[in-house]
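In: what shape does this take:
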Amino acid sequence: MLQTLKSLARENETMSQPRILIIEDERQLVQSLEWYFDRDGFQVFSAHDGTDGLRKAQTLLPDVILLDLMLPGMSGLEVCKQLRASEKTKHLPIIMLTAKSEEADQVEGYSVGADDYVTKPFSNKILLQKVKAVLRRTENSTDAASDVTEHLGIRVDRVRHQVFVHDQKLDLTPTEFRLLDCLIRQPGRAFSRHQLMDAAIGEGSIVLERTIDVHIKTLRQKLGKVEGGDADLIETVRGKGYRFREKLESTEAED
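Out: Below you'll find the model as predicted:
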């Protein structure tokens, strides 16, 4: 019982942590940054190439991104361009990390939408302050409504960590909350089980893909039991994973 309470306490704490995504191919640097930001209360995710970094940024929608300029697969500049071109990700704060210190390189980084620019080698303490400054600017410039996502009668309030179905409160576990939050932010988009594992359970957790199926099943049950709710708002995408229904008249999901 005590262990269960401690586990729930840790999950509730995780829900309130700012989420940072580190896209960097120097693994030792990533490990150092993961430890440093985790110690300061961040929930840390990482990717070691541009393609994976872009995918995780689109899936996780983190509070801030540390993005290396020189990456295998897809350059940091191209990752930044694609994030800024998407309605869902264009407002994500991005701090460029690079060994290039020439003014022209910095101008190029800012021109594609970087919020700040840090040259290597750098002080972790200075980087942390830059991250916090970017987050403060984002909080000050973002309307409170952005902390709430509402779609097809479901309202997810990320500040209060509450979910309402037609104004009726829905009690969810922290993992169920993060799953629903991930799905409802991008209705119509199909997420793989692996992507949902990263977003809802945490990268690096030792879990089976079947775990996501179990969480989806209980989440559907809760959505279906509340008055006005609908379990089929979460659709199964055969061969892929799950998505939140985009429109009420969409085709019924296959289970």
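In: and the residue nearest to the spatial centre of the chain, what does it touch?
Out: For the chain, residue 60 is the residue whose C-alpha lies nearest the centre (Cα atoms, centre = their mean; 2.0 Å). Residue 60 makes contact with 19, 21, 45, 182, 198-199 under the criterion Cβ atoms under 8 Å, 6 or more residues apart in numbering. (Glycine included, C-beta is placed from N, CA and C.)
In: break this protein down into its domains, please.
Out: Domain assignment for the chain, taken from automatic domain parsing, gives 17-141, 146-244.
In: lowest average pLDDT across the ones you listed?
Out: Among these, domain 146-244 carries the lowest mean pLDDT, at a mean of 85.
In: how far does that one sit from the chain's center?
Out: Put simply, domain 146-244 sits 13 Å off its chain's centre (Cα atoms, centre = their mean, to the nearest Å).
In: could you do stretch 43-62 as well?
Out: 8 Å.
In: ok, stretch 121-137 next?
Out: Between the mean C-alpha point of stretch 121-137 and the mean C-alpha point of its chain there is a distance of 20 Å (Cα atoms, centre = their mean).
In: contacts for that stretch, please.
Out: Under the criterion Cβ under 8 Å, 6+ apart, residues 18, 20, 32-33, 36-37, 40, 63-64, 66, 93, 95, 97, 115-116, 118 lie in contact with stretch 121-137.
In: again, only using 10 Å
Out: The contact list for stretch 121-137, computed with Cβ atoms under 10 Å, 6 or more residues apart in numbering, reads 18, 20, 29, 32-33, 35-37, 39-40, 42, 63-66, 93-95, 97, 99, 115-118.
In: for ChimeraX, write the selection for the buried entries among these.
Out: Buried members of those, identified by 16 or more other Cβ atoms under 10 Å, are gathered into one ChimeraX selection as follows:
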select :18,20,29,33,37,42,63,64,65,66,93,94,95,97,115,116,117,118
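In: let's see which of the contacts of stretch 121-137 end up in strands.
Out: The strands in this structure, assigned by DSSP state E, contain 20, 64-66, 94-95, 97, 116-118 from the contacts of stretch 121-137.
In: surely residue 150 meets residue 185?
Out: No - counting by Cβ atoms under 10 Å, residue 185 is not a contact partner of residue 150; they are 11.1 Å apart.
In: mutual contacts of those two, please.
Out: Overlap between the neighbourhoods of residue 150 and residue 185 consists of residue 156, taking contacts as Cβ under 10 Å, 6+ apart.
In: looking at the two, which is more packed in?
Out: When neighbours are counted by other Cβ atoms under 10 Å, residue 150 and residue 185 differ, and residue 185 comes out ahead with 17 against 12.
In: quick one, what contacts the more buried one?
Out: Residues in contact with residue 185, defined by Cβ under 10 Å, 6+ apart, are 59, 61, 88, 149, 151, 156, 158, 199, 244.
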